[in-house]
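**Q** Have a look; sequence and predicted model below, questions after that.
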Amino acid sequence: MIQLKHLFKWYNVGGTRSFVLKDVSLDIAEGDFISIMGPSGSGKSTLLNIIGMLDEPDEGEYIFMDENVLEMKAKKRTQLYQSHIGYVFQAYHLLDELTVYENIETPLIYKDISSKERKAIVADMLDRFGIVGKKDLFPAQLSGGQQQIVGIARALAGSPKLLLADEPTGNLNSKQGEEIMDLFKQLNEDGVTIIQVTHSEKNAEYGKRIINMLDGQLK
Ligand SMILES: Nc1ncnc2c1ncn2[C@@H]1O[C@H](COP(=O)(O)OP(=O)(O)O)[C@@H](O)[C@H]1O
Ligand SMILES: [Mg+2]
């Protein structure tokens with residue numbers, strides 16, 4: 001599904017190159033469930049952002065479903081992202097001026113889905129995550145954990161083939177965290193490919209393989 005070949009990413013700091021990713025190569029098969037671990041600053045979010053097509057490497061190649069991501073037009077890349085990838089962000093990235101309902105509906109608007117069908121999907125998500133009573137609230141009116149749940153519901157609303165999650169349970173209590181990990185496991189069994197960044201050994205064990213990062217390199 002995904003081939004990353006010799007990715008490099010760097011920033012120029014005071015005239016010298018500071019590498020965030022150093023020669024990262026990785027193959028991810030459809031149906032895989034990968035947990036990425038590593039200390040803060042090791043490049044985990046940068047790698048996930050590149051896989052999620054939100055960032056680009058300075059060097060290297062990225063193939064997604066047999067297409068060369070870095071060489072395609074931006075419009076095509078956006079289309080590819082919107083139709084296949086769900087992203088759970090570390091810091092939620094909910095739209096503050098939209099309600100919970102509207103936040104979850106947003107990715108569906110970009111897809112070719114009728115408004116009736118959208119309503120049904122959002123209702124299903126609200127129900128599945130136990131947030132029906134919150135649907136008309138704005139993100140600022142929710143706790144961090146609740147915002148994270150909305151972020152997860154939004155990522156899954158479009159039935160993505162690939163789910164990317166950056167510390168998805170970081171702001172959840174342990175029971176909520178376990179529920180999310182069980183959900184990920186179920187989604188993976190249903191065929192969704194998952195890449196999660198986590199600091200928790202226990203959550204990492206839900207993956208089929210664990211990848212360790214250190215100083216921008218895979219260990
Ligand atoms: N604009 C920037 N300029 C310089 N360094 C940056 C910039 N953005 C990110 N970095 C650096 O990239 C490194 C990797 O960051 P990140 O991918 O967020 O790591 P992680 O998710 O593993 O904590 C960090 O050391 C960070 O300081
Ligand atoms: Mg990070």
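**A** All right, it came through fine. Numbers count the residues shown, from 1 in each chain. Ligands and ions are numbered 1, 2, ... in the order given.
**Q** centre of the chain versus the longest helix along the chain, how much separation?
**A** Longest helix in the chain, counting residues (DSSP state H): helix 174-189. Here the centre of helix 174-189 is set off from its chain's centre by 15 Å, with C-alpha atoms, centre = their mean, to the nearest Å.
**Q** Packing partners of it?
**A** strand 33-37, helix 144-157, strand 162-166, strand 193-197 (3 or more C-beta pairs under 8 Å, 6 or more residues apart in numbering; DSSP states H and E). C-beta: built from backbone N, CA, C; applies to glycine.
**Q** Is it correct that Thr46 is in contact with Asp55?
**A** Yes - counting by C-beta atoms under 8 Å, Thr46 does reach Asp55; the two are 6.5 Å apart.
**Q** anything in contact with each of these two?
**A** Lys9 (C-beta atoms under 8 Å, 6 or more residues apart in numbering).
**Q** Those two - which one has more neighbours?
**A** Counted by other C-beta atoms under 10 Å, Thr46 and Asp55 do not tie: Thr46 has more neighbours, with 19 against 14.
**Q** what residues are up against the closest residue to that one other than its chain neighbours?
**A** Excluding the flanking residues, the one nearest Thr46 by C-beta to C-beta, 6 or more residues apart in numbering is Val20, at 5.0 Å. Residues in contact with Val20, defined by C-beta under 8 Å, 6+ apart, are 9-11, 43, 46, 216.
**Q** likewise Glu71?
**A** No contacts exist for Glu71 under C-beta under 8 Å, 6+ apart.
**Q** how close does it sit to Leu187?
**A** When distance is defined by C-beta to C-beta, to the nearest Å, Glu71 is 30 Å away from Leu187.
**Q** Same question for Leu142.
**A** Counting by C-beta to C-beta - Leu142 and Leu187 are separated by 23 Å.
**Q** and if you look at Gly144?
**A** Counting by C-beta to C-beta - Gly144 and Leu187 are separated by 23 Å.
**Q** Shouldn't Glu12 be within a strand?
**A** Actually, residue 12 is Asn rather than Glu. Yes - assessed by DSSP: H, G, I helix; E, B strand; the rest coil, Asn12 belongs to a strand.
**Q** Run a quick neighbour tally on it.
**A** If we define neighbours as other C-beta under 10 Å, then Asn12 has 8 of them.
**Q** Tell me what the residue nearest to Lys219 when sequence neighbours are not counted is bridged to.
**A** Spatially, and ignoring its direct neighbours in sequence, Lys219 is nearest to Asn212 (4.2 Å; C-beta to C-beta, 6+ apart). With DSSP bridges as the criterion, Asn212 is bridged to Met37.
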